[in-house]
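A.B. asks: Following is a predicted model, sequence given first.
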Amino acid sequence: MPELPDVEHFRRTFARASVGRRVEAVVVTDPGILRNVAAPELHRALRGHRFEDPERRGKWLIARTDGPALLLHFGMTGDVEWAPAAAGRHRHDRVIVVLDIGEIRYRNMRKLGGVWLAAEPGEVDELLGRLGPDALSVKRKEFFELMGSRRGRVKPALLDQSFLAGVGNLLADEALWRARIHPARRIEDLSVDERAALFRQLRSVIRHTVDSYPEGIRTRWTSARGRPAARCPRCRTELTRTVVGGRATYLCPSCQRQPAAS
DNA sequence: TCAGTTGTTTATAT
DNA sequence: AATATAAACAACTG
């Protein structure tokens, strides 16, 4: 699930429930999801503090309070849910932030990702590590500078969070398909037009999925991807499954020309 | 039983 | 210094 559009949706869910509200309790049902803090300490640190507007950077959700900040990463199966009461908790709800109006649940089946506490605002940056510009807000000029600073295959670059933050496997495949660029093309070989197309299509697919979430996440491309004998929504050629950068990669062999053998 | 999965980190190699 | 590759993490689905 979680790529940039999903995390942006989580951010909005978190914001609606939390902004200006005080933490009554933090319930940890699986301490194994906590990365840099123990359960009693997390509860003690957050209880009584008021949430500010949460921030998203790439695939990270940063929930600041007037004291410490809560950092959430969602791995491949994370989710944020709001509920008006404790009833109906899911077995994969591993951390629950209890507010007076209800509770925010951090759900994560596979437990990749996790929950961090930044005791002070200054700690946030070092916990996030090096992140490139956010893929939703990056400007054209900055994107071109980025492309100029990188060599090697284009898809692994898009997935590298320290290069560009927020793009996951599905977004990368779709943007490359829309821009008609083979995922294994080398960045240094892309023409100016191809770079421009990649920027435009990346921005377009991210904006569209963010604005029309959650229905909009299911695009023509993602609906086709992964189905047996799936066909290109543009030209009806059968899609190819391959591996690029260690990740499952779907592409249209007709629209996305192979890189020249080196 | 086994391959596959939307993410990241680590180790190792080039 | 960058980039490439594979494995590990963990839990579930088909």
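C.D. replies: The structure has been received and is ready for your questions.

A.B. asks: Quick one: name the residues of chain A near DNA strand C.
C.D. replies: Within chain A, the positions adjacent to DNA strand C are A:32, A:91-92, A:109-112, A:150-153, A:156-157, A:186, A:245-246 by CB under 7 Å from any atom of the strand. All C-beta atoms are positioned from the backbone trio N, CA, C, and that covers glycine.

A.B. asks: Please indicate which of these has the highest neighbour count?
C.D. replies: For those, neighbours were counted by other CB atoms under 10 Å; the highest total belongs to A:Ala157, with 21 neighbours.

A.B. asks: for that residue, what are its contacts?
C.D. replies: A:150, A:163-164, A:187 (CB atoms under 8 Å, 6 or more residues apart in numbering).

A.B. asks: For DNA strand C, what is the nearest residue in chain A?
C.D. replies: Closest approach of chain A to DNA strand C (CB to the nearest atom of the strand) occurs at A:Gly152, with a separation of 2.7 Å.

A.B. asks: residues touching that residue, list them.
C.D. replies: Contacts of A:Gly152 (CB under 8 Å, 6+ apart): A:186-187.

A.B. asks: the helices in the stretch 101-250 of chain A, which residues?
C.D. replies: Applying DSSP state H, counting those that start in this stretch to the stretch 101-250 of chain A gives helices spanning A:123-128, A:140-148, A:154-159, A:169-178, A:192-211, A:220-224.

A.B. asks: which outside residues touch stretch A:136-145?
C.D. replies: Contact partners of stretch A:136-145, identified using CB under 8 Å, 6+ apart, comprise A:4, A:8, A:133, A:146, A:164, A:166, A:195-196, A:199, A:203, A:206-207, A:210.

A.B. asks: And stretch A:23-30, end to end?
C.D. replies: Terminal residues of stretch A:23-30 are spaced 19 Å apart (CA to CA, to the nearest Å).

A.B. asks: contacting residues around it?
C.D. replies: Taking CB under 8 Å, 6+ apart as the criterion, the residues outside stretch A:23-30 that touch it are A:34, A:39, A:42-43, A:46-51, A:65, A:89, A:93-100, A:103, A:111.

A.B. asks: roughly how far is it from the heart of the chain?
C.D. replies: When C-alpha coordinates are averaged (CA atoms, centre = their mean, to the nearest Å), stretch A:23-30 and its chain have centres 24 Å apart.

A.B. asks: Adding mean pLDDT and distance to A:Phe14, write the helices of the stretch 101-250 of chain A out as TSV.
C.D. replies: What follows is the helices of the stretch 101-250 of chain A, written out as TSV (pLDDT from 0 to 100; distance: least, CB to CB, whole Å):
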stretch	mean pLDDT	distance to A:Phe14
helix A:123-128	94	16
helix A:140-148	97	27
helix A:154-159	97	25
helix A:169-178	96	21
helix A:192-211	96	15
helix A:220-224	87	24
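
A.B. asks: Can you tell me which of the contacts of stretch A:136-145 are buried?
C.D. replies: When burial is judged by neighbour count using 16 or more other CB atoms under 10 Å, the buried members of the contacts of stretch A:136-145 are A:4, A:8, A:133, A:146, A:164, A:166, A:195, A:199, A:203, A:206, A:210.

A.B. asks: shaky segments in chain A?
C.D. replies: Applying pLDDT under 70 to chain A flags the ranges A:261-262.

A.B. asks: Up against DNA strand B, what does it have?
C.D. replies: So far as CB under 7 Å from any atom of the strand goes, chain A lies against DNA strand B at A:1-3, A:6, A:58-59, A:73-77, A:110, A:112-113, A:129, A:159, A:161, A:168-170, A:226, A:246-248.
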